[in-house]
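Enquirer: Here is my input, please return the structure:
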Amino acid sequence: MNRTWIAAGAAMALLVAGCSTSQTAQTDGEAVADKSATDAQASEQAGPAALPDFAPAADTPAVESLSWGDDGSLRLGFADGKWAKIDPKAQDASVGEVTGTPAGVVAVSPGAKLALAASNPPVVVRLRDGQTVLRLSTVSDFATGGFLSDGEGLFVVEPHGKLHVWRQGETDLDRVATRDLKKFMARQSPDFTANLSSLSTEALVTETNAMILATASGKVLHWKPSKPGEIATVVKLPTAARSFGFDGRYVAATATDGSLRAISLFENSFLSWSMKERGEMVAASPKLQDKFVVADAGSLALRGFADGATDWKAALPEGELCGLAFSPQADTLAVCVDSGVVLVEPQTGKTRAALRRSGDAIEWR
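Expert: Now for the predicted structure:
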């Protein structure tokens, strides 16, 4: 069993004194109850409390990837070649090995059958038995990579401008017999390669397997698998992209100079309210339309795409941001700071739980 710290919610009852035929002065008990009710109302109006600081020990391997699975599990990839599958509802988790070498685990497939490790060259590993099923020898320089949303392929971006896409599905790769792996690994050329100008290290895959990525100069690009030979330029950010979020209609983007922009993807234009906004990292979800979260200047906020209005804001713990990700139904937001993860209720900004790695276990708070 993992050690667990769970703070129980406090309950309060308001006691009302009996009435007499004549009006009497307020009792001490009533005064305390009224003050408590007033304090509770003020706390409610003040919004969510600060997110807790729950960073792991300094020598704990850093979180390299943060994502959610189709089954509602949270998956973390670590710099030491290990990964964790986490059940937030049951507060249960397991930590397993992917590569056996200190190659960062940069992505886990939607069905948790495969993992992508940033070794040289990058490799795709089958999680049930640790077998390497793809060795991506075509890739000479790794910037970022991941799996398509339906699990039926993966991509790798090289910083000098190549986008590679493989259409092998995680189900098929999981079924390859061990005796056939050598023969299978001999056929590993990508199904699609685009030669672009130098690319940033950020890429987002939508629910339809389209990709949003950016050049080093800040051009935001939109690629659709239905038209693999076409890559459209949407807008140009002030500098290279730092993060993306997509709600099915709008894109939230941050750049390396700290700017935040809201983009109408299908009109290829910025939303005017966002032209002077600031942000460090963003996330969005089609299940939470017209909203996005942004982290900036030590705080986390839920904002609207239409006009930038802020629904709530909560203070972040000090440390380096390492990820923001909504669960499949957008009912939980995972926030990674200094490799500690806080689970947040998106509608209110209130903390549900916090977790961190300790050795080969996950601790909860």
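
Enquirer: what are the ranges of the helices in the protein?
Expert: 28-46, 170-175, 181-185 (DSSP state H).

Enquirer: So, low pLDDT: which residues of this protein?
Expert: Judged by pLDDT under 70, the chain has its weakly predicted residues at 1-47, 184-187.

Enquirer: ok, now with 50
Expert: Low-confidence segments of the chain, defined by pLDDT under 50: 1-45.

Enquirer: Can you tell me which residue is spatially central in it?
Expert: A325 (2.3 Å; Cα atoms, centre = their mean).

Enquirer: Okay, the closest residue to D150 other than its chain neighbours and L237: tell me how far apart.
Expert: Excluding the flanking residues, the one nearest D150 by Cβ to Cβ, 6 or more residues apart in numbering is N209, at 6.1 Å. Every residue, glycine included, has its C-beta placed from N, CA and C. Here N209 is placed at a distance of 23 Å from L237 (Cβ to Cβ, to the nearest Å).

Enquirer: Then K219?
Expert: K219 is 8 Å from L237, by Cβ to Cβ.

Enquirer: what do you get for A255?
Expert: Going from A255 to L237 by Cβ to Cβ gives 4 Å.

Enquirer: Can you pull the residues that touch both of those two?
Expert: Common contacts of A255 and L237, defined by Cβ atoms under 8 Å, 6 or more residues apart in numbering, comprise G218, R261.

Enquirer: who has more neighbours, N209 and L237?
Expert: Each of N209 and L237 has its neighbours counted (other Cβ atoms under 10 Å); L237 has more, 25 against 19.

Enquirer: Surely the more buried one touches A214?
Expert: Yes. Counting by Cβ atoms under 8 Å, L237 touches A214, with 6.6 Å between them.

Enquirer: Give me the common contacts of those two.
Expert: Counting by Cβ under 8 Å, 6+ apart, the residues touching both L237 and A214 are V220, A253.

Enquirer: Next, count neighbours for the nearest residue to P328 once chain neighbours are set aside.
Expert: Closest residue to P328 apart from its sequence neighbours, by Cβ to Cβ, 6+ apart: W68 at 5.7 Å. W68 has 22 neighbours, counted by other Cβ under 10 Å.

Enquirer: how close does W68 get to K287?
Expert: For W68 relative to K287 (Cβ to Cβ), the value is 11 Å.

Enquirer: Find the residues that touch each one of those two.
Expert: Contacts common to W68 and K287, judged by Cβ under 8 Å, 6+ apart, are F326, P328.

Enquirer: so who does L196 touch?
Expert: Contacts of L196 (Cβ under 8 Å, 6+ apart): G161, K162, L163, T215, L221, I231.

Enquirer: neighbours around the third one, how many?
Expert: Just to be clear, that refers to L163. 24.

Enquirer: which residues pair with it across the strands?
Expert: Note on L163: beta-bridge partners by DSSP bridges are V157, A194.

Enquirer: so who does it touch?
Expert: Applying Cβ under 8 Å, 6+ apart, we find L163 in contact with F155, V156, V157, F192, T193, A194, L196, L199, M211, L213, W223.

Enquirer: Please apply the same query to the fifth one.
Expert: For L221, the set of contacting residues under the criterion of Cβ under 8 Å, 6+ apart consists of L196, M211, I212, L213, A214, T215, I231, A232, T233, V234.

Enquirer: closest to R278 among these?
Expert: Using Cβ to Cβ, A214 is the member of these that sits closest to R278, with 18.0 Å.

Enquirer: tally of neighbours for the spatially closest residue to that closest one that is not a sequence neighbour?
Expert: Counting by Cβ to Cβ, 6+ apart, A214 lies nearest to A241, which is 3.8 Å off, once chain neighbours are set aside. Number of residues near A241 (other Cβ under 10 Å) recorded here: 26.

Enquirer: in the sheet, who's paired with A241?
Expert: Judged by DSSP bridges, the bridge partners of A241 are A255.
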